[in-house]
Every structure is written in structure tokens, then in C-alpha cells.
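J.: Just a sequence and a predicted model for now, questions to come.
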Amino acid sequence: MERRTFLTAAGLAGLTLSACSGPPESLPSESHALQFFNDAAAWGPGYTAAGQELSKKTGWSIDPQTIPDASAYEQVIRSLLQTRNPPDLIKWGSGYRTKDLARTGGIADVTSAWDASVQLGWLDDSLRSAFTYEEGVYGLPLIQGFYVMFYNVALFDRLGISAPKTWDEFINLCDTLQDAGVTPIGTTQVNIWPVANWFSMLATAYDADWFTRVCANEATFLDDEARGMMQLWQEMIRWGYHTSPDTDSGNFAGMLQSETVGMWPSAVSWSTQSLQNIGMKSGDDYDAFILPPYSGKEKAVVTEVAGLVVPARSQNVDEVVEVMASWLDPDVQQPWSDFLSGSSANPKVPWTDPISQRLQSQIRDENITVVNRYWEGSPTALVVGVTQDLGGFMADPSHPQRVLESLQQKAVSEWSYWVEATR
């Protein structure tokens, strides 16, 4: 099935393919433009700017084509990979999301591009496991970010509070914000992936070792650590620390600016773009801190690494893999990183947002433990089921033990399926 035929059959032909010079099938291969499918229309100018530099290196630019319906994105991409003419390049999650496509043969091995980038010092090889399946590497980093707590500087100054160094200080500032009529934390269950963000942050703060182990099926959702974390989350919801679970995540930057919320858990550096786009200035209007550990445990931070994967059936697959060896070239990465105020995975490319720079340096200099976000950290079907249940818990936190039992049942079932499928 051709790509346009599939989109029509799926009822998605009306979706806008942003920044596209025409419908996908109208792009001739001699145009030397990589057909890049993604779900982030706002990042189109950044993709294009990086593509202009990539073209100077390889003769191939980037033609970003956006599927704006985030809820349909994964379904569309998985189906396109089965067609005879998938796009050349796809934005995709790392970890088990990449492994899932690799095990079905849907994406190409890009080990040669990875190794070349590492050899040139453009890539930290510690990220290899995020894109590895069996013996091959199946993706390259598009972005890397760290989940932190953004806050409104003027609000904190007026209330006499500052970035907390301990969990008790964090709870105290939540109480201060609430006493001032400000909801402390902006979180939501809408689209489920924001649930994974906050769950990852809270679980990591509560016990990073347990969180890492439960992601790897080396711990359970019935452990004491799970019960303690859920009790804490339940209390925070009942204390009124969180926004309504049906809040639109796209509103959080504006809510931070208007002092409707005091803090917004999100990623540096790309979330700084949302704040800057509404006129907030780094350091003057917004700042950020790493969520402190609970009960004096080890400080840790959650990372998200999104990737670029190459469909195995792309008509240009060999050329695209070769082009990917230049993706992390500093000349290509700098305009991309500048657009997002940072987030390049190339350690030689500086992040431009001062707050993001400071936090990136803090993580490195203090040797803070970095753990993967839950969204990429376990088999995809399990992650979806767990985040749906946790989203329900955000709406009704009455029965945390019942939720944990449901999560563990899902974990047993989905891990069994994953092990069987990858034998």
C-alpha cells in the first residue's frame, strides 16, 4: 500500500503535512530532501535550519512533514512502515519504543552512523543502549533533555521562597504557594504521556533505584517503595498541590506566566522555547530546579532522548543511513540547538538558554544520577496501560493499592509477552 493510499484509508488524509512542498509522493528522489515525518509542527523551522546545514555536508536537506494529531501519530507511523514507500526519516522514541520497531524489522540498522559520530566526539557512547536492539543500533538522538521544575521568579520572590534543596523545603514552598491562592504544580492526564513525565519525576525523587529496577522488570509495583510513592502522590493530590487532571498541557507555560501555577514540571531545554515565545526571559521571569530527593535519598534526574530512525523500506535507505553520519556534526547541530535553546545530544554543541546551561552543568559536575523517562523505559504496551491507570488515579486517588495491583498485573502480562516475542 502506498503512503497516500494508507492515509486516505485511515481517514487521515486531511491532516496537514506541515512545511511540505507538496504531497509526499510528489517529492522526487533527485530533490535530495529527506522526507521527515514528525509530530512537532512548531519545530519545523528548526528542522529546516538544520537541514540547510546538513545539505552543505551531504547534499540532502530535511523536508519536515508533520502529523499534527499526536494521538494518531504512532498508529500512522507503524502502519506507514509496512507500506512500499515509507518516509526517509521518522521522529521516534528511544528505549523500548525503538526496540519495538527494530524487533519487527521496520527500521534500519544505523550502527555505522553511530560509530562514526562517537569516533568524532559528536556523541556520548553511553547513550548507545537507548537505541540498541540485540547487536545493532537503530536510531540517533534527535534531542536530549532533563525534566526539572520550572517556576515563576517574580512569584517566588514576592512570596519569599526559593528553589528547594530538600524534600521538606519543596513541600513547604508548595504550602506557601497554596496559601497565596496559587496551585503549586501544573500536571495533567490528557494525552497520557504527561502522566509518564510526572510519574517518572516523582518516582525518581522518591527512590531512583526502585524506579530504574521497576522499569527493567527487576522490581514490582507491589514493593514497599511503590506503596510509599503512591501514598505520597495521593497526599499531594488531596492537599490540592496539582491542577485539574483534565488541564490542557499546552496551557502550562501561560499558566506559569500568569501565576495560575507556581511550578511546571517539564524538560530543559526545549520547554524554554514555550516560555520565551510568550515573552518570558530566562533567569528574569523563569528559572528551574531539579526536584530534590525524598527523605535524603540520592539525587537523580529524569532524561528524555528522542530519536531519528530510518524506515527499512525507504527507497533511499542506504543514502539516508550515510547522511545520518553527519546529523550530529556541530555545524548541523548548532542551528538546531539554537532553535530549541539547547537539547543537542552532541556534547560539543553549547546549549544557549542560561538556565538550561546551568542545569546541564550541574548534572555533569555533581555527577547526578540520570534515569530514563518511563515513557521509553519499558515495553510500549505496558507503558500505555500503566500511564492510563495512573491517569485515572490522578482523577480519583481513592484506591492506590487497587491501582498498584492493576499495574502489577499488566507488568506480569506484558513482560511475559515481550520476552516471548524477542526470543
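T.: That came through, no problem. Numbers count the residues shown, from 1 in each chain.

J.: Would you list the phi and psi of the closest residue to Thr166 other than its chain neighbours?
T.: Spatial nearest neighbour of Thr166, chain neighbours left out: Pro292 (5.4 Å); criterion: CB to CB, 6 or more residues apart in numbering. No exception for glycine: its C-beta is placed from N, CA and C like everyone else's. Main-chain dihedrals, Pro292, degrees, to the nearest 10: phi -70, psi 160.

J.: residue ranges of the strands in the stretch 251-400 of the chain, please?
T.: Taking DSSP state E, counting those that start in this stretch, the strands of the stretch 251-400 of the chain run over residues 261-268, 286-289, 300-309, 369-372.

J.: and Ser71, what pLDDT?
T.: Looking at Ser71, its pLDDT stands at 73.

J.: quick one: it and Trp193 touch, right?
T.: No. Judged on CB atoms under 8 Å, Ser71 makes no contact with Trp193 at a distance of 9.9 Å.

J.: what about the two, which has more around it?
T.: Trp193 (17 against 10; other CB atoms under 10 Å).

J.: Quick check: the more buried one touching Glu376?
T.: No. Counting by CB under 8 Å, Trp193 sits too far from Glu376 to count as a contact (10.3 Å).

J.: between Ser71 and Trp193, what contacts are shared?
T.: Shared contacts of Ser71 and Trp193, defined by CB atoms under 8 Å, 6 or more residues apart in numbering, are absent.

J.: just the helices in the stretch 201-350 of the chain please.
T.: 224-238, 252-257, 270-277, 317-324, 330-339 (DSSP state H, counting those that start in this stretch).

J.: and of these, who's closest to Thr422?
T.: helix 317-324 (23.3 Å; CB to CB).

J.: What are the buried residues along the closest one?
T.: By neighbour count with 16 or more other CB atoms under 10 Å, helix 317-324 contains the buried residues Val317, Glu319, Val320, Val321, Glu322, Val323, Met324.

J.: mind listing what the first one touches?
T.: With CB under 8 Å, 6+ apart as the criterion, the residues that contact Val317 are Asp88, Ala108, Val310, Pro311.

J.: any idea which of those is closest to Asn277?
T.: Once CB to CB is applied, the member of the contacts of Val317 that ends up nearest Asn277 is Asp88, at 29.3 Å.

J.: How much space separates the closest one from Val317?
T.: 8 Å (CB to CB, to the nearest Å).

J.: any residues in contact with both of these two?
T.: Val310, Pro311.

J.: coming back round to it: would you list the buried residues of helix 317-324 in CSV and tack on pLDDT and distance to Val182?
T.: Listed next are the buried residues of helix 317-324 as CSV, based on pLDDT from 0 to 100; distance: CB to CB, whole Å:
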residue, pLDDT, distance to Val182
Val317, 97, 52
Glu319, 97, 53
Val320, 98, 48
Val321, 98, 50
Glu322, 97, 52
Val323, 97, 48
Met324, 98, 45
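
J.: Name the nearest residue to Trp351, sequence neighbours excluded.
T.: Gly342 (2.9 Å).

J.: cool, Ser343 as well?
T.: In space, Ser343 is closest to Ile143, 4.3 Å off (CB to CB, 6+ apart).

J.: now the angle between strand 300-309 and the helix or strand containing the one you found, please.
T.: Using DSSP states H and E, Ile143 falls within strand 140-152. Put simply, strand 140-152 runs at 140 degrees to strand 300-309, going by axes from the mean of the first three to the mean of the last three CA atoms, to 10 degrees.

J.: List the buried residues in strand 140-152.
T.: Buried residues in strand 140-152 (16+ other CB under 10 Å): 140-152.

J.: and if you look at stretch 244-252?
T.: Quick answer for stretch 244-252 (16+ other CB under 10 Å): Pro245, Thr247, Ser249, Phe252.

J.: cool, stretch 212-220 as well?
T.: Applying 16+ other CB under 10 Å to stretch 212-220 flags Thr212, Val214, Cys215, Asn217, Ala219, Thr220 as buried.

J.: Extract the CA atoms of that stretch and return them as PDB.
T.: C-alpha atoms of stretch 212-220 as PDB (Å, rounded to 0.1, in the frame of the first residue of the first chain):
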ATOM      1  CA  THR A 212      15.100   2.100  37.500                       C
ATOM      2  CA  ARG A 213      14.500  -1.500  38.600                       C
ATOM      3  CA  VAL A 214      10.700  -1.500  38.000                       C
ATOM      4  CA  CYS A 215      11.300  -0.100  34.500                       C
ATOM      5  CA  ALA A 216      13.600  -3.100  33.900                       C
ATOM      6  CA  ASN A 217      11.200  -5.700  35.400                       C
ATOM      7  CA  GLU A 218      13.700  -6.200  38.300                       C
ATOM      8  CA  ALA A 219      11.200  -4.800  40.900                       C
ATOM      9  CA  THR A 220       7.400  -4.800  41.200                       C
END
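
J.: what's near enough to touch the residue nearest to Glu53 when sequence neighbours are not counted?
T.: Once flanking residues are discounted, Glu53 sits nearest to Val332: 4.5 Å by CB to CB, 6+ apart. Val332 is in contact with Ala50, Glu53, Leu54, Lys57, Ser326, counting by CB under 8 Å, 6+ apart.

J.: Roughly how far does Val332 sit from Tyr47?
T.: 11 Å.

J.: what's the nearest residue to Trp270 if we skip its chain neighbours?
T.: Closest to Trp270 by CB to CB, 6+ apart is Leu340, at 4.6 Å.

J.: do Leu177 as well
T.: Gly262 is the one closest to Leu177 (CB to CB, 6+ apart), at 4.0 Å.

J.: cool, and Trp327?
T.: For Trp327, the spatially nearest residue (CB to CB, 6+ apart) is Leu140, at 5.7 Å.

J.: go on, Ile363?
T.: Val301 (5.9 Å).

J.: Hmm, Phe211 and the one you found touching each other?
T.: No. In this structure, Val301 is not within contact of Phe211 by CB under 8 Å, at 11.8 Å.

J.: if we can go back for a sec, ok, of the buried residues of stretch 212-220, which one's closest to Gln75?
T.: Cys215 (24.2 Å).

J.: Provide a list of residues in contact with that closest one.
T.: Applying CB under 8 Å, 6+ apart, the residues near Cys215 are Val371, Asn372, Tyr374, Gly377, Ser378.
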